[in-house]
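*Asks:* take this sequence and fold it.
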Amino acid sequence: MPVPPAPPPIEQLGQRPFSFYPAILNIEHNEWLYRSATWPEILVQNTKTHQEIWVPRRYWGAISRVEAPVMIVGLSKELEYRAGAVLPALRRVIEMPRAVNDSTRTARMHLAEPAPVIAIQLESSAKSRLGRLLVAGGALSLAACVLVVSLNRGGIVGNRFVYAPAIRTQLPFTAADDYNAVVRTLGVPEAERWRAGGGVQYRLLAYPRLGVNVILAGRTREDVRYAGAFDQTWHLVHSVDLPRLRALPRF
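*Replies:* Prediction:
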């Protein structure tokens, strides 16, 4: 049969006051006197309140040899005084404050049970406000984008914004490319226009979805070849015949 560990030498305390470390919870004054002992428990008395309590011997630890300013008795576990006995301290879970009108929930929290998961739902009014804010934010962002694009590319005409989309494809044309070469690359134009000036025939192929107007030029309509391209605001974006297109008016 195993022999229980020998109790600490309580008798060395005599009538000298000592303090517990850590201090016993729920008791303000931490200075004690040894009174008596049994095998399972030791009786001590508080020097200020004269309260006597029994402390289980298994929680007693080492006793300090230095008495200044006071002798220390170590405890192997944090203890608290409750219901007239010294017991291991319990770490309590602090419940969050409840709403004023919340009378359906109990104030007591059961430590053995997991905390309930509470679903948080927005009220319909809050949802509608959030929706309006999102829509307003999206509208403002879109307006800002249109304004920036208009200022950088199309500008502002009167009170109306003019938007010219950027070219979405590179123009790999050369001065040898004719109408068929342009159609093979960009497709059939949405509109075509002719203009004559300075003995030169100009053919405009309009691609508004790409934001580009392709210009073919030649002495006759039969031999017009690729000369360059303008965007929707008539800014020259590509050219293989710059002197001829530089002064070409919009048509």
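*Asks:* what segments of the stretch 1-150 of the chain are helices?
*Replies:* In order along the chain, the stretch 1-150 of the chain carries the following helices (DSSP state H, counting those that start in this stretch): 124-149.
*Asks:* so where's it uncertain?
*Replies:* The stretch 1-150 of the chain contains residues with pLDDT under 70 at 1-9, 11, 65-68, 92-131, 133, 135, 137-150.
*Asks:* what does the stretch 151-251 of the chain give?
*Replies:* Scanning the stretch 151-251 of the chain with the threshold set as pLDDT under 70 gives 151-170.
*Asks:* 50 instead, please
*Replies:* The stretch 151-251 of the chain contains residues with pLDDT under 50 at 154-169.
*Asks:* how about the helices in it?
*Replies:* Under the criterion DSSP H, counting those that start in this stretch, the stretch 151-251 of the chain carries helices at the ranges 179-186, 242-246.
*Asks:* now the ones you listed in JSON lines, with mean neighbour count and distance to residue 215?
*Replies:* All C-beta spots, glycine's among them, are computed from the backbone N, C-alpha and C. Putting these into JSON lines (neighbours: other C-beta atoms under 10 Å; distance: least, C-beta to C-beta, whole Å) gives the following:
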{"stretch": "helix 179-186", "mean neighbour count": "14", "distance to residue 215": "10"}
{"stretch": "helix 242-246", "mean neighbour count": "12", "distance to residue 215": "6"}
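*Asks:* and of these, who's closest to residue 77?
*Replies:* Residue 77 sits nearest to helix 179-186 of all the helices of the stretch 151-251 of the chain, at 85.1 Å, using C-beta to C-beta.
*Asks:* check which helices and strands the closest one is in contact with.
*Replies:* Where contact means 3 or more C-beta pairs under 8 Å, 6 or more residues apart in numbering; DSSP states H and E, helix 179-186 is packed against strand 200-207, strand 212-218.
*Asks:* tell me which of those sits most buried.
*Replies:* Across the helices and strands packed on helix 179-186, the average number of neighbours (mean count of other C-beta atoms under 10 Å) peaks for strand 212-218, which reaches a mean of 22.
*Asks:* got a list of contacts for that strand?
*Replies:* Where contact means C-beta atoms under 8 Å, 6 or more residues apart in numbering, the residues beyond strand 212-218 that reach it are 167, 171, 173, 178-179, 182, 186, 189, 200-207, 224-232, 234, 237, 241, 244-245, 248.
*Asks:* and what of stretch 242-249?
*Replies:* Counting by C-beta under 8 Å, 6+ apart, 197, 200, 202, 215, 217, 227-228, 230, 236, 239 sit against stretch 242-249.
*Asks:* can I get these in TSV including distance to residue 85?
*Replies:* Shown next, in TSV, are these (distance: C-beta to C-beta, whole Å):
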residue	distance to residue 85
197	111
200	112
202	107
215	102
217	107
227	104
228	100
230	96
236	97
239	99
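*Asks:* ok, those residues vs residue 69, which is closest?
*Replies:* Proximity of the contacts of stretch 242-249 to residue 69 (C-beta to C-beta) peaks at residue 236, which lies at 94.6 Å.
*Asks:* that closest one pairs with what?
*Replies:* On the basis of DSSP bridges, residue 236 takes part in beta bridges with residue 230.
*Asks:* can you check residue 218 too?
*Replies:* residue 201.
*Asks:* ok, now how distant is it from residue 194?
*Replies:* 11 Å (C-beta to C-beta, to the nearest Å).
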